[in-house]
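*Asks:* The sequence isn't on hand, but the structure is:
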């Protein structure tokens, strides 16, 4: 584990800096994007979390995230043996962040989002998958590394598209898993540029040129 990863996992001040660097209207999509990285590792995603994704995807529904937080909390109380427990805790925080972004009265604690980075990395430690850890770390630091994305990466659909491009590039870079234990940073620099082109409906030739530059 690098010092940066260790700090992200244990230093709440870094989690605070990362979260407060993200525009309010982007926070629901960003936090849901991080949570979604674990979905393929979960045997059965709770319905309350699947419904949370639908709320995140529609800005007009963000105010419903307050009730959704309660439903996720109730699920946890009724399923005390659910693992990893931190997955539920992270989902609760995503619901809080989403509700707070709605601007509705009686918001949750404003520091709720400060714990996203540490909780997400705690979940990666539970699964012990190095590639997952790298992907989650990249998602956490997305706007630190690529500040231009703030203009284009806002909705849940945008984040889904970004992740899809990332997954395609990873498979193209390493189709048989030879570099599964190596960081994906080698191709990460291509993802923001290609995402921007795809979102702008650039033609295939222009996108292809970016991929070989």
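*Replies:* That came through, no problem. No experiment lies behind these values; they were computed from the predicted model shown. Residues are numbered from 1 along each chain as shown.
*Asks:* so what's residue 106 closest to, chain neighbours aside?
*Replies:* Take residue 106 and drop its neighbours on the chain: the residue closest to it by Cβ to Cβ, 6 or more residues apart in numbering is residue 66, 7.8 Å away. (Each C-beta comes from the backbone N, C-alpha and C, glycine too.)
*Asks:* buried stuff in the helix or strand where the one you found lies?
*Replies:* Remark: residue 66 resides in helix 65-78, with elements defined by DSSP states H and E. By neighbour count with 16 or more other Cβ atoms under 10 Å, helix 65-78 contains the buried residues 65, 66, 68, 69, 71, 72, 73, 75, 76.
*Asks:* can you redo those as TSV with distance to residue 84 and pLDDT?
*Replies:* Shown next, in TSV, are these (distance: Cβ to Cβ, whole Å; pLDDT from 0 to 100):
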residue	distance to residue 84	pLDDT
65	22	98
66	24	98
68	20	98
69	19	98
71	19	98
72	14	98
73	16	98
75	14	98
76	11	97
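*Asks:* Make CSV from the residues you listed and add distance to residue 10 to it.
*Replies:* Putting the buried residues of helix 65-78 into CSV (distance: Cβ to Cβ, whole Å) gives the following:
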residue, distance to residue 10
65, 28
66, 30
68, 29
69, 25
71, 30
72, 25
73, 25
75, 28
76, 24
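*Asks:* Could I get the buried residue list for the helix or strand that residue 16 is a member of?
*Replies:* Under the criterion DSSP H and E, the helix or strand holding residue 16 is helix 12-20. Within helix 12-20, the residues that qualify as buried by neighbour count (16+ other Cβ under 10 Å) are 14, 15, 18, 19.
*Asks:* for stretch 131-147, same thing?
*Replies:* Here stretch 131-147 shows 131-140, 142-143, 146 as buried, counting by 16+ other Cβ under 10 Å.
*Asks:* Check stretch 55-68 too.
*Replies:* Taking 16+ other Cβ under 10 Å as the basis for neighbour counts, the residues of stretch 55-68 that come out buried are 55, 56, 57, 59, 62, 63, 64, 65, 66, 68.
*Asks:* what does that stretch contact?
*Replies:* When contacts are taken as Cβ atoms under 8 Å, 6 or more residues apart in numbering, the neighbours of stretch 55-68 outside the stretch itself are 25, 28-29, 32, 48, 51-52, 54, 94-96, 98-99, 101-102, 104, 106, 108, 155-157.
*Asks:* Show the residue spans covered by the helices in this structure.
*Replies:* Here the chain has its helices, by DSSP state H, at 3-10, 12-20, 27-36, 47-56, 65-78, 85-101, 116-127, 130-140, 142-145, 156-173, 185-188, 190-199, 204-212.
*Asks:* mean confidence for the first one?
*Replies:* Averaging pLDDT along helix 3-10 gives 61.
*Asks:* swap in the third one?
*Replies:* Per-residue pLDDT values over helix 27-36 give a mean of 93.
*Asks:* what packs against the helix holding residue 16?
*Replies:* Where contact means 3 or more Cβ pairs under 8 Å, 6 or more residues apart in numbering; DSSP states H and E, helix 12-20 is packed against helix 3-10, helix 116-127.
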